[in-house]
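>>> Have a look at this fold, sequence not included:
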């Protein structure tokens, strides 16, 4: 299933290895944005994240709590419809 993702961003090499073992083919390692400090977000990390996302629109749901997943999924569905419309 993870092979269908164009990119997976992992917070550590051990997480990246796990994603690869589950079938992910394009895995980028970047520090956890939740706990990232200015020192961790180096120009190299910024470039790698930018390259991984290319020009795609992206958003994150971070530090979520139990019961919020369904709300997040519904929000994603609604927002996706706004951007998936042909010009």
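Thanks, I have the structure now. All figures in this text were calculated on a predicted structure; none of them were measured in a lab.
>>> residues of the longest helix anywhere in the chain that come out buried?
Under DSSP state H, the helix in the chain containing the largest number of residues is helix 69-83. For helix 69-83, a neighbour-count test (16 or more other CB atoms under 10 Å) marks nothing as buried. (Glycine included, C-beta is placed from N, CA and C.)
>>> What are the contacting residues of that helix?
57, 59, 61, 64 (CB atoms under 8 Å, 6 or more residues apart in numbering).
>>> how far away is the second one from residue 80?
According to CB to CB, to the nearest Å, residue 59 stands 10 Å off from residue 80.
>>> if we can go back for a sec, among the contacts of helix 69-83, which one sits closest to residue 6?
residue 57 (13.0 Å; CB to CB).
>>> My reading is that the closest one lies in a helix. Confirm?
No. Per DSSP: H, G, I helix; E, B strand; the rest coil, residue 57 lies outside any helix segment and is coil.
>>> What sits closest to it if chain neighbours are left out?
Closest residue in space to residue 57, ignoring its immediate chain neighbours: residue 83 at 5.8 Å, by CB to CB, 6 or more residues apart in numbering.
>>> and if you look at residue 64?
Once chain neighbours are set aside, the closest to residue 64 by CB to CB, 6+ apart is residue 72, at 6.7 Å.
>>> Next one: that neighbour, what pLDDT does it get?
Reading off the confidence values, residue 72 has pLDDT 88.
>>> Likewise for the one 10 residues further on?
Note for residue 82: predicted pLDDT of 81.
>>> pLDDT weak spots in the chain?
32-41, 84-87 (pLDDT under 70).
>>> Enumerate every residue touching residue 6.
Neighbours of residue 6 in contact, by CB under 8 Å, 6+ apart: 26, 56.
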